[in-house]
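Asker: With the sequence up front, the predicted model follows.
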Amino acid sequence: MDAEAALDFVKHGATLLLLDVPQHTLIGIDTQMFSSGPNFKGIKMIPPGIHFIYYSASNREGREFSPVVGFFVDASPSQVIVRKWDQEEEHLVKLSEEEEARYSDAVQKLEFDKQLGPYTLSQYADWIHLSNYITKDTIERIEPIGGEITIACESDMFAKSTKTFMEKILAEQLKNSKLSVPEEKSQRRGCYYTAVPRIVKQKGIGVEELTSLNLDKTHLLESILMKEYGGDENALLAELQFAFIAFLMGQSLDAFLQWKLLASLLFGCTEAPLRTRSRLFTKFIKVIYYQLKCGFQKDQKEISAMPEGVSALLDESWLSSDSFLHCICKDFFSLVLEAPVVDGDLLSSTRRLKSLLEDTLGWHFQPNSTADAIYFDEDDEYAPVVEILDDAECMNT
């Protein structure tokens, strides 16, 4: 990029000005990570639009890190986003409007230009794939009070949820962390995610119909789409992207649980992908493809290079061959690839996702067998649902 083009990006791109940030603090924006040096004052040349900013405080040696704190922004052209480091609380705080205007003016005059690191524009396309459905409305609807997303106030919240073995280990690590804040003592609240039931329970219907509703989540999907998203498919995909970003970059366990619920809901449908919502599922598979490609590919340097403790949620056990994702992908792949009639775009997108998982993670997807329905771990949340009926219910069936 020549000097004239670079100057144009500096003037028309957004700027993140960070004041008094200690050395070794990890600062991230989208898929990019910085470690602050003595002269670091922020990031320039940020493309206008949706971005996720996150950071982790460090000790003086740069070896131990606090839980990640992150927040979404909708940056306007030439906007200057100003935050200042609070030494006592170890987090970034907003300034008064007067102070922010003064610093913004200084940035516009290029007074901080040499102390600002450039946004890596070559990685911007990756970010767009991860966030293209997220809008300002998405952020305002889901973000917590104050906007900051952090695992530090999620320990009690997470303890109430069903967890896999790996999730239990992470929850215990968080519980023992001196930086963990009990929910009743914290002034912060989690994100306002859409409620997604894992099991469909409905009174007044027969056992066979109830079983059918749990085997095919199409009815539940339609209900949630209409009730929670006003029929807007893109709003659902936006929340899926929001949760994944908050999980991958923001290290939020609450976000992981929501991503898991939404992914399971969509992968658990059999009628919708083939008949009523083929377009939604084509978009969904593309979203999942880019999420997994960005988040879990082995050669991603920016995230894999994060110090131990910061990248704890990226343990390979999340994606082992007996994980929830493998289970639901296997059933979905069989559904689409073996269907006599299927949308062409959905078919090609599904094949692409299957190849990514096989080539990158070494997964193998064998055809479903009777044994799959018989043998399952007692803690497996995707095992068959057994409903215990009372005598009255048995008499009516």
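Answerer: Arrived safely, thanks for sending.
Asker: buried stuff in whichever helix or strand Ala235 is part of?
Answerer: According to DSSP states H and E, Ala235 maps onto helix 233-248. Within helix 233-248, the residues that count as buried by 16 or more other C-beta atoms under 10 Å are 233, 235-248. (Each C-beta comes from the backbone N, C-alpha and C, glycine too.)
Asker: so for it, what's the average pLDDT?
Answerer: Mean pLDDT, helix 233-248: 96.
Asker: between the buried residues of helix 233-248, which is closest to Val342?
Answerer: Glu233 (18.5 Å; C-beta to C-beta).
Asker: Mind giving me the packing neighbours of the helix holding Ala235?
Answerer: Using 3 or more C-beta pairs under 8 Å, 6 or more residues apart in numbering; DSSP states H and E, the elements in contact with helix 233-248 are strand 69-75, helix 124-131, helix 136-142, helix 218-229, helix 253-267, helix 278-296.
Asker: which one of the buried residues of helix 233-248 is nearest Phe256?
Answerer: Nearest to Phe256 among the buried residues of helix 233-248, with distances taken as C-beta to C-beta, is Phe247, at 4.3 Å.
Asker: rewinding a little: could you tell me the angle between the helix holding Ala235 and strand 69-75?
Answerer: Counting by axes from the mean of the first three to the mean of the last three C-alpha atoms, to 10 degrees, helix 233-248 lies at 140 degrees to strand 69-75.
Asker: returning to what we had before: out of the helices and strands packed on helix 233-248, indicate the one that is most buried.
Answerer: Of those, the one with the most neighbours on average (mean count of other C-beta atoms under 10 Å) is helix 253-267, at a mean of 22.
Asker: what's that helix packed up against?
Answerer: So helix 253-267, by 3+ C-beta pairs under 8 Å, 6+ apart, packs with helix 155-159, helix 165-176, helix 218-229, helix 233-248, helix 278-296, helix 324-337.
Asker: so what's Gly250 up against?
Answerer: Shown in contact with Gly250 (C-beta atoms under 8 Å, 6 or more residues apart in numbering): 52, 54, 68-70, 149-151.
Asker: er, Lys136 actually
Answerer: Counting by C-beta under 8 Å, 6+ apart, Lys136 makes contact with 50, 74.
Asker: For it, give its distance to Asp74.
Answerer: According to C-beta to C-beta, to the nearest Å, Lys136 stands 5 Å off from Asp74.
Asker: got it, and Thr360?
Answerer: 32 Å.
Asker: Over to Gly49?
Answerer: Gly49 is 7 Å from Asp74, where distance means C-beta to C-beta.
Asker: do Ile29 as well
Answerer: Computed as C-beta to C-beta, the Ile29 to Asp74 distance reads 14 Å.
Asker: now do Arg275
Answerer: Distance of Arg275 to Asp74, computed by C-beta to C-beta: 36 Å.
Asker: Likewise for Gly147?
Answerer: For Gly147, the distance to Asp74 equals 11 Å [C-beta to C-beta].
Asker: what do you get for Tyr289?
Answerer: Taken as C-beta to C-beta, the span from Tyr289 to Asp74 is 25 Å.
Asker: neighbours around Ser36, how many?
Answerer: Using other C-beta atoms under 10 Å, Ser36 is surrounded by 21 other residues.
Asker: Contact partners for Gln241?
Answerer: Residues near Gln241 by C-beta under 8 Å, 6+ apart: 130-134, 287, 291.
Asker: between those residues, which is nearest Val342?
Answerer: After measuring the contacts of Gln241 against Val342 - C-beta to C-beta - the closest member comes out as Val287, at 18.7 Å.
Asker: Please name the nearest non-neighbouring residue to Ile151.
Answerer: Counting by C-beta to C-beta, 6 or more residues apart in numbering, Ile151 lies nearest to Pro67, which is 4.8 Å off, once chain neighbours are set aside.
Asker: Export the helices and strands packed on helix 253-267 as a markdown table, with columns for distance to Tyr193.
Answerer: Compiled in a markdown table, those are given as follows (distance: least, C-beta to C-beta, whole Å):
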| stretch | distance to Tyr193 |
| --- | --- |
| helix 155-159 | 11 |
| helix 165-176 | 17 |
| helix 218-229 | 10 |
| helix 233-248 | 7 |
| helix 278-296 | 17 |
| helix 324-337 | 18 |
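Asker: Out of the ones you listed, which is closest to Glu140?
Answerer: Of all the helices and strands packed on helix 253-267, helix 233-248 comes closest under C-beta to C-beta, at 11.2 Å.
Asker: quick one, that closest one and helix 218-229 angle?
Answerer: 90 degrees.
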